[in-house]
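Asks: Quick one, what's the 3D model for this:
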Amino acid sequence: MTRNNTKHSPEAVLKARTGVKWLKILIGSLSMVALCVAIRYHWGAESASADPSNPNVRRTSAGSNLSVRQPAPSTRPKPSTGRAAPSVPEVVATVNTQRVSRGELAEECLRHYGEEVLESMVNKRLIVRECRRRKVRVTQADVNAEIERMAKRFGIPVDQWLKMLEQERHITSTQYANDIIWPTLALRSLAGRRLTVSREELVREFETRYGEAIRARLISVSDPSKAKALHARATADPEGFGNLAKDNSEDAPSASAKGVINPIRKHGSYKEIEQAAFTMADGEVSQVIHAGGQYVILKREGVVPARHVQFEQVAAKLEEVLRERKMRTVAQDVFRTLQKNATIENVWNDPAKRAKMPGVAAKIDNDQIMIRELAEECIARHGREVLEGLISRKILEQACKKQGITVTEADIDQEIVRAAAAGVKLKPDGSPDVDAWMRLVTEKQGVSLDVYRNDVVWPSVALKKLASEKVEVTEADLRKGFEANYGPRVRCLAIVLDNQRRAQEVFEMARKKNTSEHFGDLASQYSVEPGSQALRGEVPPIKKHGGQPALEREAFSLKPGEISGVIQIADKFILLRCENYTKPIRIAFEEVRQDIYNDLHEKKLRLAMAERFEQLQESASVDNYLVGTSHSPKRSSGMSPTAKVPTFRQVPGG
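Replies: Numbering: from 1, shown residues only. Take a look at the predicted model:
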C-alpha cells in the first residue's frame, strides 16, 4: 500500500512557504498577468519616481507606531482611475469577541515575511537611487500609457482590468501603478540598448513558434552502457519503442506516455537532439545522443507542418516577447551591479546588530530602512492572508481551550516524526528520517522551523485532537480497503469527452468497429483528456472502492472486448472498452489488516478534521475589519466532506 500524503506534506508546505524572491520571479518564465502580480508582492509598496525626494511620514492609525513612506505629490505616479487602499485600523478583527490588534498582525507578518519583504525593499531602494543618479524619469503619462497597453493586450477596458486586479488579486489601482508598472518602466529605462532585438533574433523566434516541428518519442537514461543496450533493442524492434520507453526511460513524464514528447522545434535547448530530429526519416531510430548530461534515443514519428502565418503579421508581437525575455537577464545584471556598488547591511537577521541599532531593519550606505517601515510593508502585501490565518488560529485555540485540549511540544515532535515516516525514505534501520524531512521542509521548501512547527504542525495536531473521537474504521471498511488494494482491477481503454452529443457519436463509431486498435484511434482523435489522448486510450487499471462508484460499476460489469455506454461523471462523458482483468494479489487479509486500518484511519481522520474545522468556522462570530467582512453563526450547518483543513499561511494568489 502507498503511504498517504499528510497535511504537512511537501505540497502543504509549499502553501506555507514564503514567496519566491522578486528577482527570481522577474526573470522566471511567467505569463504577463502572473508577472505583474508577482512584482506587486515582491516589490516594495513604497512609491518611487525619478526624483523620490522629500518623503512624508504619515500616521496610519491613531496611536500606531507604524508608518509608511509616501512620495511627494508632484512626483507620485497616479493611475488614470481607481482609489488608494484604506489605512489599517488599530483593531483588525474580532473572533468571538476576542480582539486581534494591528500590532499583533504586524508581528505575525514580520515573523512570516520580514526577511523576504526586506530583501525586496532593499532592491527597490537600489533602483530608486540609480534612477535618481542617472536622471531617469518615468512620468504619470508613461505609467498610464503602460496600464492602457496592458489592458489592451488582454482585450479589456482599463477600468475592467483594474477592477479585476483589485477583486481577484487585492491590488488597488494605486498599488498597481506605483508598485508594478512604475518599477517595470524604470528598469526598462535603465536597461537601455540592452533590450534591442535584432532581425536575426526575430527570424529565429518566428521559426521556433511557427516553423515545422518534429513529432518524436524519447528514451532518456543516465548510464551510457544502458543506453547502448536499449539502442540495440530499439533498432531491432522500432515498433516496440513506446513500451521500451515506458519500461526503461528515466524521464518519468515521457515514460508515462510511452516516450511521447512535445514536438521538437528549431532553436531549442539542445542542438544535438534538434539536429538529429530534423535530419532523420519518419520511423527511424537515432543513435545514442549525449545531451544535458543524459543519454537520449529518439524515434521520429512525423512532421508537424509549419503554420501559415506571415512574418510581418507577428513581428511586433515577437519583438515584445523577446524584449521581455531579455529583460529577465538584464534585470539580473542591473541588480548585480547595483548591489556590488552599494554597502548593504542586513540588521534584521542579526540579533547583535539589532541590539546596537534598535528600530533599524537594514542600511544601504547611509540610507536606513526602519523596522516600522518593514512592518508596514509586510502588512500592505500580506496583511489580508496573514489575518485570515490569525483568525483561523484564534478559532482553533478557543475550541481547544473550551474542551480542555493542550498541544505540547512533545505532541508536535511526535507529529513531525509521523510526517517524516510518511514523507521521506525511511532510514536503513526502518526508523523515520526526521533530519531528512526537516531539510526538505526548511531548505528545499523555504519554510523556517518556527513557521513549520507553529503554523503547519500545530493546527494539524490541534485538529486531530478535536476530531479524533469521531473517527471509526469498521470491519466493512477494512474489507473494502482490502478489495481496493489487493483485489482484481479492470484494464480499460477510455475516451473522455466534454459533450454528450459528441460522446454518443463516438460511441456509435466505436460500436461499429469494436477493436482495441480502432478504439485507440478514436481516443487519440477525440479524447479531451491529454493522458488518454496521448496514450491512445490507455488509463490506469480501475479498482473497486476508488471513489468513482458509477465508473467502477460500469467497468466491472464489462467482459473483455465489451464497450460501455456513455458514463457521465460531473461535466465529462466517458466511454470504456474492457481489455482484461488483473489477477488479485495473493496475500492474506490478516497480514495487511493493520496497514489497511492505518491507511483508512488517516483518510477518515482528515475528513473529520475538515468537517470539524468547518463546523468551528460556521459557529464563530468573526469581524474582519481589514477586508470589511462579518460572519455570524448559522443555526444549522451542513458539513461538507470536501472542506479543507485550514492553512495558516498562504501564498498570495495561491
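
Asks: Residue ranges of each domain in this protein, please.
Replies: As given by automatic domain parsing, the domain ranges for the chain are 16-194+329-380, 212-304, 488-581.

Asks: any idea of the mean pLDDT in the longest one?
Replies: What domain 16-194+329-380 shows for mean pLDDT is 72.

Asks: Then stretch 441-459?
Replies: 87.

Asks: picking up where we left off before, Throw the domains of the chain into TSV and include mean neighbour count and distance to Ser448, thanks.
Replies: Every C-beta, even on glycine, is put in place using the N, C-alpha and C of the backbone. Formatted as TSV, the domains of the chain follow (neighbours: other C-beta atoms under 10 Å; distance: least, C-beta to C-beta, whole Å):
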stretch	mean neighbour count	distance to Ser448
domain 16-194+329-380	18	8
domain 212-304	17	31
domain 488-581	17	36
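
Asks: Switch those over to TSV; also include distance to Lys464.
Replies: Below are the domains of the chain laid out as TSV (distance: least, C-beta to C-beta, whole Å):
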stretch	distance to Lys464
domain 16-194+329-380	18
domain 212-304	33
domain 488-581	23
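
Asks: Please name whichever of those is nearest to Phe311.
Replies: domain 212-304 (14.7 Å; C-beta to C-beta).

Asks: Figure out the length between the terminal residues of that closest one.
Replies: Start-to-end span of domain 212-304 (C-alpha to C-alpha, to the nearest Å) is 6 Å.

Asks: cool, stretch 524-533 as well?
Replies: 4 Å.

Asks: Not counting its own residues, what contacts it?
Replies: 256-257, 494-498, 502, 506, 523, 534, 536-539, 572 (C-beta atoms under 8 Å, 6 or more residues apart in numbering).

Asks: quick one: which of the residues you listed is nearest to Glu239?
Replies: Distances from Glu239 to these, taken as C-beta to C-beta, are shortest for Arg536 (13.8 Å).

Asks: Next one, pLDDT for that closest one please.
Replies: At Arg536, pLDDT is 90.

Asks: And the helices in the stretch 501-650 of the chain?
Replies: 516-526, 530-534, 549-557, 589-618 (DSSP state H, counting those that start in this stretch).

Asks: hey, least reliable of the ones you listed by pLDDT?
Replies: helix 530-534 (a mean of 86).

Asks: Roughly how far does Gln533 sit from Ala257?
Replies: 10 Å (C-beta to C-beta, to the nearest Å).

Asks: Correction: the previous question concerned Glu319.
Replies: 35 Å.

Asks: Would you state the helices of the stretch 351-500 of the chain in chain order?
Replies: 351-356, 371-402, 409-423, 434-439, 449-451, 458-467, 475-486, 500-512.

Asks: what residues does the first one touch?
Replies: I take that to be helix 351-356. With C-beta under 8 Å, 6+ apart as the test, helix 351-356 has contacts from Glu345, Asn346, Val347, Trp348, Val360.

Asks: ok, now with 10 Å
Replies: Here helix 351-356 makes contact (C-beta atoms under 10 Å, 6 or more residues apart in numbering) with Glu345, Asn346, Val347, Trp348, Asp350, Val360, Ala361, Ala362, Lys363, Ile371.

Asks: Return the backbone torsion pair for the second one.
Replies: Listed backbone geometry of Asn346 is phi -90, psi 110, with angles given as degrees, to the nearest 10.

Asks: how near is the spatially closest residue to it that is not a sequence neighbour to Glu119?
Replies: The shortest distance from Asn346 to any non-neighbouring residue, by C-beta to C-beta, 6 or more residues apart in numbering, is to Ala362 (5.5 Å). Ala362 sits 9 Å away from Glu119, going by C-beta to C-beta.

Asks: okay, and the common contacts of the two?
Replies: What both Ala362 and Glu119 touch, as defined by C-beta under 10 Å, 6+ apart, is the set Ile344, Asn346, Trp348.

Asks: follow-up on the earlier one: present the helices of the stretch 501-650 of the chain as a markdown table; the columns should include distance to Val457.
Replies: Listed next are these as a markdown table, based on distance: least, C-beta to C-beta, whole Å:
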| stretch | distance to Val457 |
| --- | --- |
| helix 516-526 | 44 |
| helix 530-534 | 35 |
| helix 549-557 | 35 |
| helix 589-618 | 13 |
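
Asks: Let me know which of these is the nearest to Arg129.
Replies: Nearest of these (C-beta to C-beta): helix 589-618, 46.7 Å.

Asks: For the closest one, buried residues please.
Replies: 592, 596, 599-600, 602, 604-618 (16 or more other C-beta atoms under 10 Å).

Asks: the inter-axis angle of it versus helix 371-402?
Replies: Using axes from the mean of the first three to the mean of the last three C-alpha atoms, to 10 degrees, the inter-axis angle of helix 589-618 relative to helix 371-402 is 110 degrees.

Asks: Tell me the helices and strands packed up against helix 589-618.
Replies: helix 371-402, helix 458-467, helix 475-486 (3 or more C-beta pairs under 10 Å, 6 or more residues apart in numbering; DSSP states H and E).

Asks: Measure how the shortest one sits relative to helix 371-402, angle-wise.
Replies: Angular relation of helix 458-467 and helix 371-402 on a 0 to 180 degree scale: 20 degrees, by the same axes, to 10 degrees.

Asks: quick one on the thing from earlier: of all the helices and strands packed on helix 589-618, which lies closest to Asn178?
Replies: helix 371-402 (10.9 Å).

Asks: Distance of Glu168 relative to Gln175?
Replies: In terms of C-beta to C-beta, Glu168 sits 14 Å off from Gln175.

Asks: okay but Asp521 is in contact with Lys513, surely?
Replies: Yes: with contact defined as C-beta atoms under 10 Å, Asp521 reaches Lys513; the gap is 9.2 Å.

Asks: Next one: Lys572 from Asn624, what distance?
Replies: Lys572 is 37 Å from Asn624, by C-beta to C-beta.

Asks: ok, the residue lying farthest from the centre of the chain - contacts?
Replies: The centre of the chain is farthest from one residue, Lys512, which by C-alpha atoms, centre = their mean lies 44.1 Å away. Residues near Lys512 by C-beta under 10 Å, 6+ apart: His518.

Asks: Kindly recompute the last result at 8 Å.
Replies: Contacts of Lys512 by C-beta under 8 Å, 6+ apart: none found.

Asks: Now do the closest residue in space to Thr343 that isn't next to it in sequence against Ile344, distance only.
Replies: Nearest residue to Thr343, sequence neighbours excluded (C-beta to C-beta, 6+ apart): Asp365, at 5.3 Å. As judged by C-beta to C-beta, Asp365 and Ile344 stand 8 Å apart.

Asks: Brilliant, that's me finished.
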